[in-house]
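**Q** give me the fold of what follows.
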Amino acid sequence: MNSSFRLMQIKGIPVEINISWLLVFFLFSTALAQGYFPGIVEGLSIQVYWAAGIITTLIIFISVLIHEFGHSLVAIREGIPIKKITLFIFGGVAQMEAEPTSPSTEFKITVAGPLTSLLIAVVIGGLYYLFLPRGHIISESLFFVARLNMIMAVFNLIPAFPLDGGRLFRSAVWYFGNNMLKATRVAVGLGSILSFAAMGFGFIQIFFQGNLMGLWLIFIGWMIYQAGQSSYSQLVFKETFAGMKVSSLMSTNLQTISPDATLDELAEHFLHHKYGAFPVVYGSTTHGLVSLQNMKEIPRDKWSETRVARILTPLKETLILKPDTDAAEVMMKMASQNTGRALVMENGNLVGLLSRTDMMRFMQAHMVLGSD
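**A** Next up is the predicted model:
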């Protein structure tokens, strides 16, 4: 299930909102309307406070969107397409379709975001200090936006990959070491240290100071850690399978089973060939895929009278690949869908089987034998 929905498209870039953004929108609007604005601008109606809270929250997320467009427009100028921008609980992310090809490219793309937030903070803050009256609801709303953009610029410069600061740190390590994979490993390592430090400080706040705000530090630290590990894994996949097609990794010496075979015969097939799944084929027609997991659905005393056709995963529910599909793309898809195997077909004919386990073994061998 997709947890995001399309909001608009700007300069050819789709903008999506994750459902987690709705929670932040509600919390931010409520905090501003019931806490912040009544404390600094007294004597206004609750309707005015709520209107100011909602509008200020919308402006904040517009500034987050501008931050991401700062990244995106520079990336496009550097020849890297942007798949989409997504607003979510911690801000936003611009999803590039490819990694930067050089340290300087990464530096330029990355630094554009914090500089954009800094510019917003300086412009709005300057207007507040030079022209706007203090204590007015509109003035204080804009000043809050300016301060938050300044905080966003500074926070993003923390060298915890994949935050902007972590990417800037990676570009520097990449520049001096001339190896993107190693630079990513170093950047993710530093990000992990900082993430665990944040979580540790959060636990101290909770258990020794009784401050529940430590939960946010734990949550943010854990999210950054997970994002860094995921980014590194994705890069390893892409580096390992760069330029490779499914045809070079798939198994072509296939063992198949008939849909009319009994589960007793299927069990013998599993024991003899020692595979975890078999394509189900009758003549030239491929019906689907059957695995050990499918067999668990049927009581053992029913195996002799139950046919494979009853328990197989049909073709329409099986991941189907073409031989010329990019292997890195497939690995990411199989990992995200938690799919262990895929059938490889061409012109309606079964030509191979691709296993995620086989791809992982190849990746491990490549890292040990074929990579710096």
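**Q** from G39, how far off is I46?
**A** 14 Å (C-beta to C-beta, to the nearest Å). Glycine gets a C-beta too; all of them are placed from N, C-alpha and C.
**Q** please state the backbone phi and psi of the residue lying closest to Q337 once chain neighbours are set aside?
**A** The shortest distance from Q337 to any non-neighbouring residue, by C-beta to C-beta, 6 or more residues apart in numbering, is to L319 (7.0 Å). Here is the backbone geometry of L319 (degrees, to the nearest 10): phi -70, psi 120.
**Q** before we move on, what about I257?
**A** phi -130, psi 150.
**Q** check which residues of the helix or strand harbouring S171 are buried.
**A** Assigned by DSSP states H and E, S171 falls within helix 164-177. For helix 164-177, burial by neighbour count (16 or more other C-beta atoms under 10 Å) applies to D164, G165, G166, R167, L168, F169, R170, S171, A172, V173, W174.
**Q** avg pLDDT for stretch 153-170?
**A** In this model, stretch 153-170 has a mean pLDDT of 93.
**Q** which outside residues touch it?
**A** With C-beta atoms under 8 Å, 6 or more residues apart in numbering as the test, stretch 153-170 has contacts from 106-107, 110-111, 113-115, 117-118, 121, 180, 183-184, 186-188, 190-191, 194-195, 224, 227-228, 231.
**Q** for stretch 121-136, same thing?
**A** Applying C-beta under 8 Å, 6+ apart, the external contacts of stretch 121-136 come out as 40-41, 138-140, 142-143, 145-147, 149-150, 153.
**Q** of these - the most surrounded one?
**A** Neighbour counts for the contacts of stretch 121-136, by other C-beta atoms under 10 Å, peak at N149, which reaches 27 neighbours.
**Q** in a strand, that one, correct?
**A** No: applying DSSP: H, G, I helix; E, B strand; the rest coil, one finds N149 to be helix, outside a strand.
**Q** so how far is E16 from the residue lying closest to it once chain neighbours are set aside?
**A** Nearest residue to N149 in three dimensions, chain neighbours excluded: A121, at 4.0 Å (C-beta to C-beta, 6+ apart). As judged by C-beta to C-beta, A121 and E16 stand 26 Å apart.
**Q** now the contacts of stretch 153-170: which count as buried?
**A** Buried among the contacts of stretch 153-170 (16+ other C-beta under 10 Å): 106-107, 110-111, 113-114, 117-118, 121, 180, 183-184, 186-188, 190-191, 194-195, 224, 227-228, 231.
**Q** is the residue nearest to N149 in a helix, a strand, or coil?
**A** Going by three-state DSSP, the secondary structure assigned to A121 is helix.
**Q** with N211 instead?
**A** coil.
**Q** give me every residue that touches the residue lying closest to it once chain neighbours are set aside.
**A** Nearest non-adjacent residue to N211, counting by C-beta to C-beta, 6+ apart: Q205, 4.2 Å away. Each residue near Q205 by C-beta under 8 Å, 6+ apart is listed here: N211, M213, G214, L217.
**Q** list the contacts of the host helix or strand of F28.
**A** According to DSSP H and E, F28 maps onto helix 19-31. For helix 19-31, the external contacting residues (C-beta under 8 Å, 6+ apart) are 3-5, 50, 53-54, 56-57, 60-61, 87-89.
**Q** let's have the residues you listed in JSON lines, adding distance to G340, neighbour count and pLDDT.
**A** What follows is these, written out as JSON lines (distance: C-beta to C-beta, whole Å; neighbours: other C-beta atoms under 10 Å; pLDDT from 0 to 100):
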{"residue": "S3", "distance to G340": "24", "neighbour count": "11", "pLDDT": "77"}
{"residue": "S4", "distance to G340": "26", "neighbour count": "17", "pLDDT": "78"}
{"residue": "F5", "distance to G340": "30", "neighbour count": "9", "pLDDT": "80"}
{"residue": "W50", "distance to G340": "51", "neighbour count": "16", "pLDDT": "96"}
{"residue": "G53", "distance to G340": "48", "neighbour count": "22", "pLDDT": "95"}
{"residue": "I54", "distance to G340": "47", "neighbour count": "17", "pLDDT": "96"}
{"residue": "T56", "distance to G340": "48", "neighbour count": "23", "pLDDT": "95"}
{"residue": "T57", "distance to G340": "43", "neighbour count": "23", "pLDDT": "93"}
{"residue": "I60", "distance to G340": "43", "neighbour count": "21", "pLDDT": "93"}
{"residue": "F61", "distance to G340": "39", "neighbour count": "17", "pLDDT": "91"}
{"residue": "L87", "distance to G340": "33", "neighbour count": "23", "pLDDT": "85"}
{"residue": "F88", "distance to G340": "29", "neighbour count": "18", "pLDDT": "81"}
{"residue": "I89", "distance to G340": "31", "neighbour count": "15", "pLDDT": "72"}
